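Participant: With the sequence up front, the predicted model follows.
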Amino acid sequence: MGVPGLMAPDNAVYYGCAAHAPNEHIRFEDIAPAVRYLVALLMELGSGTNNKGIAAE
């Protein structure tokens, strides 16, 4: 489609989570790593620089 997208690969799901099914669920132990990843991602996006300290244009 030519549209840029964003994907967070460390979300709180696993193979047996039945995503989008009536019995969809996540494991409690998967929440903390997902939150840490999301915080790091948002901090990176909000900083205006990339991980090498180069300012975004």
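Facilitator: Received, thanks. Numbering: from 1, shown residues only.
Participant: what sits up against stretch 13-24?
Facilitator: Stretch 13-24 is contacted by residues 25-27, 30 when judged by CB atoms under 8 Å, 6 or more residues apart in numbering. Where C-beta positions appear, they are placed from N, C-alpha and C, glycine not excepted.
Participant: List the buried residues of it.
Facilitator: The neighbour-count check on stretch 13-24 (16 or more other CB atoms under 10 Å) flags residue 17 as buried.
Participant: And the average pLDDT for it is what?
Facilitator: Stretch 13-24 shows an average pLDDT of 83 in the prediction.
Participant: Also stretch 30-50?
Facilitator: 82.
Participant: How far off centre is it?
Facilitator: Its chain's C-alpha centre and that of stretch 30-50 lie 7 Å apart, by CA atoms, centre = their mean, to the nearest Å.
Participant: Tabulate the contacts of stretch 13-24 (TSV), appending neighbour count, distance to residue 18 and secondary structure.
Facilitator: Output for those, formatted as TSV (neighbours: other CB atoms under 10 Å; distance: CB to CB, whole Å; DSSP: H, G, I helix; E, B strand; the rest coil):
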residue	neighbour count	distance to residue 18	secondary structure
25	11	7	coil
26	14	10	coil
27	11	12	coil
30	15	14	helix
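Participant: can you redo those as a markdown table with distance to residue 19?
Facilitator: A markdown table is the format used below for those (distance: CB to CB, whole Å):
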| residue | distance to residue 19 |
| --- | --- |
| 25 | 9 |
| 26 | 9 |
| 27 | 13 |
| 30 | 13 |
